[in-house]
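3D, please:
(2 chains)
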Amino acid sequence: MDESVFFQTLNISKNYGPVRALIDVSFSLRKGEVRGLVGENGSGKSTLASIISGIILKDHGTMMKDGKEYNPKHIQNAYENKIGIVTQESGLIEDLSITANLFLGREKEFASAGFLNIRKMNEDANKIIFKILKTKKMLAEDKVKNYSFEERKIIEIIKALYLNPEILILDETTDAFSRDNKKMLWEIIEKIKKKGVSVLYISHTISEVLDNTDRITIMRDGKIIDTIDSHSHTEDDLKKMMVGRELKSNYYREDYQGSFNKEKIVLKIENLSSKNAFSNVSFSLHEGEILGIGGLSGCGMSKLGKAIFGLLKIDAGTIYLPIKNKLLKNHTPVDSITQGIGYLPKDRDSEGIMLLASVKDNINLVSLDRIQRGFAFINSKDEISVAKNAIKELQIKTPNIDQFCIGLSGGNRQKVSLVKWLVRESEILILDCPTRGVDVGVKAYIYIILEKLRLQKKSIILISEELPELIGMGDRILIMKDGIIGSKVFKREEKPREEEIINYMI
Amino acid sequence: MLMRKERKRLMLRKFKRFVPILVFILFNIVVFIISKGENFNLVNIKHILNQSVALIISGMGVIFVMSQGSIDLTQGSILVLAPLIGIFVENIIPGSFIPAVILMGLIIGLSTGFVFSILRVPSFVATLCLSFILRNLAYFLWDFIPGGYIFIPINLFVIDKTQYKIPIVLFIILVMFYIFEFTKIGKYCKAIGADEKVAMYSGVPVKKMKILAYTISGTLGGICALFGVFRAGTLALVTGHFFEWDVLVAVLLGGTPLTGGTNSKLLGVILGSITISVINNGLVLCNVPTLYQQLAKGLVLIIIISLSFEREKVIFVK
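All right, here's what the predicted structure looks like:
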């Protein structure tokens, strides 16, 4: 055995009913290494991370840490063994302050005579935050709910670091980070690595994993395929290993030339403004066009999507549907849907799908008024056939249509979230980061669907933080910065380059 | 090894499904022995069914609210206020008692819905407070009853006869079953319970549906009040005291979780209502002192609910 290995798992297995999530996984980690863990959705990455951190229990196998058997029963055991994890889901209590979250379960350290020294707690928390972030952007006294998703994840990372972990597991948390925060994160990782901390970094952003890790473990269908050296492999190698078949490195249609109907405008936005979000936004969407809107997270593009769909108050400007000669004013999602607009939200789990409802109910929800017959009758046979067709059409992996969505993997949840609008046959689709948190396989699949929709003359507003995605899919690309859309329009036929677009974003 | 374990677990789960029924049967056997078989004679069974009718009708409305994850506690006060106002209206326009009471239920439900969704007060607090207000309104109106005594049109008492009552109740159950399981309304209600935000993002008119659910609940409360007065023949200020809690438990016993959602079961309300009536009736037959009846009822119910609760399907117990 390798001398430097200080943590390993031996033949770990985990079953969920008939589904085999992990099959005889043996995995080892050296001291002070940064390890990437990649694989498609549902390949078992998160399951492995959750078992290591005691969130779920293994069925078989053993784990060793520092030569001793390590068998966590719950997450507290992992903390005691100096293993920290930041999960995909939120691990903070929103209604408490950052301080209270940081010191949760360790309040005793600040107690005297039965009282908590809140001031001391806040002081210490602020010191810890400043030590890591080097800025005073966050105030420990603030409630967590005042911070964005990205900032909350940073707080979680700070919390995990505060425990002085020997192993730090980051499970897909940072995929949505902005450039600045990612840079900061990697600096932090570099620093703790020097102190001998091992980092397990789970991500879908393969290029990033390649650039920043020492070694990479690839998982597929609950098994470890290989562990490779990061520096001697390319992105294509990794993708091939993840999917188990050749995958074209560029799944975008480079040969395609923008061919939408330039005469037919389906949506016209003029001088749209919303307080604290965006101002004076104007653009037109044509039939059969994919209009990309890019920018940094927090630039207002997500809010723009919400506002068009009727989820955000509009202070000025107009949304006009020329074909139907309809002006959307003070509209609600109900009005938008009636006018043929669909909206795929960015936050899939809390806005896109009902986790505690079946796949069938989720798929049918927006189309109920379509499938109802006389006397408002909804035939459950219709519902079933709609759901079955949708599952077949998008190759959604689910044991049956009555499966609750909480039991699906991220990629399949995303497909459910998208397919309901396809079932509804929406003419205009607003997609906010449609490939966020999904693996390359599903990603490629979603692009194929968008391509199909374009051929069916549907119009799509594609809001995305990923430039390759915008360049690859968009017929035209608009860039938003601080709530304002830049005057420069990037056209597909001009083959815009990433470096060129970035200049307009920052 | 694994297969056997899995099979054992499945067996256990199947068995668990029957445990509440076993407890229920056991309870009946105990009552049977103590009351020397009185609980199984025809008169008593009819009595039990009669009692459960009120719970069933009310529960059929309340489930629309509860499937959204909210609560309606105004049912008990509707039972007294709606007929009371009906008497006033009857005095002005003779023959309008029945529509007046139903309309009154509808209006109360509508205003409950408005208070809840416009003022954005949690449903538990909103409807609890409203139930106080409504009952107090009844106290106030009591002094102004026309003629000074409760007069309910005698010719309407026929509705309490079995041959009219059963078809009416069956009709109500069928209509409600249809609306709840086979129309947009029911499905939207469940979607709101499953995830209100997603429902809104998916084009469910959440506010309207909330008001509608309370309106349905209130209207059925009105119908329930009618059966109540025709059966009792009169109205008292204590009519319907604690009734809302029985309805709540009946819906819960029927398998609808407090959080609402897609597991809400309308037909379960019938089962839940009958269970409660049987327990109420059994305790009386066993001569359990009134002082201890609430205690015994509470104990039996908590045993049945804790045994029948499908924990696998619920993540958080609130």
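
just checking, residue A:291 is part of a helix?
No. With DSSP: H, G, I helix; E, B strand; the rest coil as the criterion, residue A:291 is strand rather than part of a helix.

is chain B contacted by stretch A:127-145?
No. Between stretch A:127-145 and chain B, judged by C-beta under 8 Å from any C-beta of the partner chain, nothing touches; the nearest distance is 14.6 Å. For every residue, glycine as well, the C-beta is placed using N, CA and C.

kindly check the end-to-end length of that stretch for me.
Distance between the boundary residues of stretch A:127-145 (C-alpha to C-alpha, to the nearest Å) amounts to 21 Å.

list the contacts of it.
A:92-99, A:101-102, A:122, A:125-126, A:147, A:151-152, A:154-155, A:158, A:161-162, A:184, A:188 (C-beta atoms under 8 Å, 6 or more residues apart in numbering or on different chains).

among these, which ones are buried?
A:92, A:97-99, A:101-102, A:122, A:125-126, A:147, A:151-152, A:154-155, A:158, A:161-162, A:184, A:188 (16 or more other C-beta atoms under 10 Å in any protein chain shown).

wasn't residue A:8 part of a strand?
Yes. Residue A:8: assigned to a strand according to three-state DSSP.

where does it land on pLDDT?
Listed pLDDT for residue A:8 reads 88.

tell me the bridge partners for it.
residue A:28, residue A:64 (DSSP bridges).

how many residues are close by it?
Residue A:8 has 18 neighbours, counted by other C-beta atoms under 10 Å in any protein chain shown.

do I have it right that it meets residue A:26?
Yes. With contact defined as C-beta atoms under 8 Å, residue A:8 reaches residue A:26; the gap is 7.2 Å.

check contacts around residue A:359.
The contact partners of residue A:359, taken as C-beta under 8 Å, 6+ apart, are A:387, A:391, A:396, A:398, A:401, A:402, A:403, A:404, A:405, A:408, A:416.

can you classify residue A:461 as helix, strand or coil?
Secondary structure of residue A:461, reduced to three states by three-state DSSP: strand.

pretty sure it sits against residue A:291.
Yes. Counting by C-beta under 8 Å, residue A:461 touches residue A:291, with 5.2 Å between them.

who has more neighbours out of the two?
residue A:461 (27 against 23).

return the set of residues that bridge with the more buried one.
Where residue A:461 sits in a bridge, its partners, by DSSP bridges, are residue A:291, residue A:430.

next one: it from residue B:251, what distance?
Using C-beta to C-beta, to the nearest Å, we find residue A:461 at a distance of 43 Å from residue B:251.

likewise for residue A:228?
From residue A:228 to residue B:251 the distance is 57 Å (C-beta to C-beta).

at the contact with chain A, which residues of chain B appear?
Contact residues, chain B versus chain A (C-beta under 8 Å from any C-beta): B:2, B:6, B:178, B:182-185, B:187-188, B:190-191, B:194-195, B:197-205, B:261-262, B:313, B:315.

and if we set it to 6 Å?
Residues of chain B lying close to chain A by C-beta under 6 Å from any C-beta of the partner chain are B:182-184, B:187, B:191, B:194-195, B:197-198, B:201-203, B:205, B:261-262.

looking at those residues, which are in strands?
Within these, no residue falls in strands by DSSP state E.

just the buried residues of those residues.
B:182-184, B:187, B:191, B:194-195, B:197-198, B:201-203, B:205, B:261-262.

run a quick neighbour tally on the nearest residue to residue A:42 once chain neighbours are set aside.
Spatial nearest neighbour of residue A:42, excluding adjacent residues (C-beta to C-beta, 6 or more residues apart in numbering or on different chains): residue A:409 at 3.6 Å. A count of neighbours around residue A:409, defined by other C-beta under 10 Å, yields 20.

do I have it right that residue A:409 meets residue A:41?
Yes. Taking contacts as C-beta atoms under 6 Å, residue A:409 lies within contact range of residue A:41: 4.4 Å.

going by residue numbers, what spans are helices in chain B?
In chain B, the helices defined using DSSP state H lie at B:2-34, B:42-67, B:75-92, B:97-119, B:123-142, B:162-182, B:184-194, B:196-201, B:206-232, B:243-253, B:268-285, B:290-308.

packing partners for the shortest one?
In this case it means helix B:196-201. Using 3 or more C-beta pairs under 6 Å, 6 or more residues apart in numbering or on different chains; DSSP states H and E as the contact criterion, no helix or strand is in contact with helix B:196-201.

give me the contacts around it.
Helix B:196-201 is touched from outside by A:345, A:351, A:354, B:191, B:192, B:206, with contacts defined as C-beta atoms under 6 Å, 6 or more residues apart in numbering or on different chains.

which one (most neighbours) among those?
Ranking the contacts of helix B:196-201 using other C-beta under 10 Å puts residue B:191 first, with 30 neighbours.

please list all residues in contact with residue A:85.
Taking C-beta under 6 Å, 6+ apart as the test, what residue A:85 contacts is A:53, A:169.

make it 7 Å
Taking C-beta atoms under 7 Å, 6 or more residues apart in numbering or on different chains as the criterion, residue A:85 is in contact with A:49, A:53, A:78, A:160, A:169, A:171.

closest to residue A:86 among these?
Nearest to residue A:86 out of these is residue A:160 (C-beta to C-beta; 5.4 Å).

and that closest one, which of the three is it?
Applying three-state DSSP: residue A:160 is helix.

how close does it sit to residue A:437?
With C-beta to C-beta as the criterion, residue A:160 and residue A:437 are 20 Å apart.

count of residues packed around residue 45?
Answering for chain A, as no chain was given. Residue A:45: 24 surrounding residues under other C-beta under 10 Å.

should've been chain B
For residue B:45, the neighbour count with other C-beta under 10 Å is 13.
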